[in-house]
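Participant: Have a look; sequence and predicted model below, questions after that.
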Amino acid sequence: MAQQEYNPLNDHVYMSSQMKLFFKKKLQEELERLNREDSFYPFPADFEEHQPQADPIDQSTIENLCQTHRAFYEHEKLLSRQIELALRRLASGNYGYCVITGEPIGVQRLMAAPYTPYCLDAQKNQEKLKRFSPLPNIITYQQQYA
């Protein structure tokens, strides 16, 4: 079966060699795309050190653009890091399995987010912990392996 025709949803063996190859290619392509786009959207150190504007509306527009740009840049960097971690899990043989529970993440979930380290239940628990924890710094998987 050719790589282009392969559909992991039709594979009856979870994390077969073909499935791993499919997700490796998908992750590498996404990382290459992010790295290409990173050169178009660099975040210069002096980006927020813009000149004050006389007009308060201009000033707030510039500040809003700076914040939006920073949020986009930080999101792209986080996504790159998540993909790199997923590629490491793939190389070590742990890809496709939740880093918390060890349960299979599931092909449909990996198709939607091939970099995810969590099964759906663990993801929900992580989100609950972040939302309801009185502690400001919850150690997550991403922080542990960053």
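Facilitator: Received the coordinates, thanks.
Participant: Within the helices and strands, which one has Ile83?
Facilitator: Assigned by DSSP states H and E, Ile83 belongs to helix 56-92.
Participant: Average pLDDT for that helix, rounded please.
Facilitator: The average pLDDT within helix 56-92 is 87.
Participant: Can you tell me which helices and strands that helix packs against?
Facilitator: With contacts taken as 3 or more CB pairs under 8 Å, 6 or more residues apart in numbering; DSSP states H and E, helix 56-92 sits against helix 17-38, helix 141-144. For every residue, glycine as well, the C-beta is placed using N, CA and C.
Participant: If you count neighbours, what's buried in the longest one?
Facilitator: Under the neighbour-count criterion of 16 or more other CB atoms under 10 Å, helix 17-38 has 19-20, 22-24, 26-27, 30-31 buried.
Participant: And for that helix, what's in contact with it?
Facilitator: 1, 3, 6, 8, 11, 13, 76, 79-80, 83-84, 86-87, 90, 95-96, 107, 110, 114-115 (CB atoms under 8 Å, 6 or more residues apart in numbering).
Participant: send the alpha carbons of that helix over as CSV?
Facilitator: As requested, C-alpha coordinates have been extracted for helix 17-38 and formatted as CSV (Å, rounded to 0.1, in the frame of the first residue of the first chain):
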residue,chain,number,x,y,z
SER,A,17,5.0,0.4,11.3
GLN,A,18,2.9,2.0,8.6
MET,A,19,1.0,4.1,11.1
LYS,A,20,4.1,5.3,12.8
LEU,A,21,5.6,6.2,9.4
PHE,A,22,2.4,8.1,8.5
PHE,A,23,2.5,10.2,11.7
LYS,A,24,6.2,10.8,11.5
LYS,A,25,5.8,12.2,8.0
LYS,A,26,2.8,14.3,9.2
LEU,A,27,4.7,15.7,12.2
GLN,A,28,7.8,16.4,10.1
GLU,A,29,5.8,18.2,7.4
GLU,A,30,4.1,20.4,10.1
LEU,A,31,7.4,21.2,11.8
GLU,A,32,9.0,22.2,8.4
ARG,A,33,6.0,24.4,7.7
LEU,A,34,6.3,26.1,11.1
ASN,A,35,10.0,26.6,10.6
ARG,A,36,9.5,28.1,7.2
GLU,A,37,6.8,30.5,8.5
ASP,A,38,8.9,31.4,11.5
